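# Attaching a predicted model along with its sequence, questions to come.
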Amino acid sequence: MRNTLLAAFGLAFTVALAVPACAQMSGSMHHDDHKSPPKKAPMVHKDNYGSWNSSWGARPGAAPSFWGKKNDWYRHVRACQVKYRSYNARTDTYRLGKKTVRCKL
């Protein structure tokens, strides 16, 4: 009887000590305690169509008179530069062997 009483008292004492320790730990373990980073402003989409990116090189001159879609000139020049290394925006041509060919992209 004495052993049972001692075991019950020991178990009750252990549980009594463990409960406050768990309560203290659980409070610091929640992610709610940490401050979340401030929210960023929503991204605003800027329409870059028809503009020239300086990382592509020097800005080409105005579109030639035969070029009908004036606001599409920079896209055309960039596409030709990417496809043909010898592309010249001033003449809108590239070299194909010994021939000079107009870019039609």
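Noted; the coordinates are in hand. Everything numeric here is computed off the predicted structure, so don't read it as measured data.
# in this structure, which spans are strands?
Taking DSSP state E as the test, the strands found in the chain are 93-96, 99-102.
# can you list those in CSV and add mean pLDDT, mean neighbour count and distance to Ser51?
The C-beta positions use only the backbone N, C-alpha and C, and glycine is treated the same way. CSV is the format used below for the strands of the chain (pLDDT from 0 to 100; neighbours: other CB atoms under 10 Å; distance: least, CB to CB, whole Å):
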stretch, mean pLDDT, mean neighbour count, distance to Ser51
strand 93-96, 94, 14, 23
strand 99-102, 94, 11, 24
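# Would you reformat those as a markdown table and include distance to Lys83?
Converted to a markdown table, the strands of the chain look like this (distance: least, CB to CB, whole Å):
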| stretch | distance to Lys83 |
| --- | --- |
| strand 93-96 | 8 |
| strand 99-102 | 12 |
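# Show me the shaky parts of this protein.
1-34, 36, 41, 43-50 (pLDDT under 70).
# hmm, back to that, so which of the strands of the chain is nearest Lys39?
Among those, the nearest to Lys39 by CB to CB is strand 93-96 (48.5 Å).
# Can I get the closest one as CSV, trimmed to CA atoms?
The C-alpha coordinates for strand 93-96 follow below in CSV (Å, rounded to 0.1, in the frame of the first residue of the first chain):
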residue,chain,number,x,y,z
THR,A,93,19.4,44.5,-92.9
TYR,A,94,21.7,41.6,-92.0
ARG,A,95,24.5,39.8,-93.8
LEU,A,96,23.9,36.4,-95.3
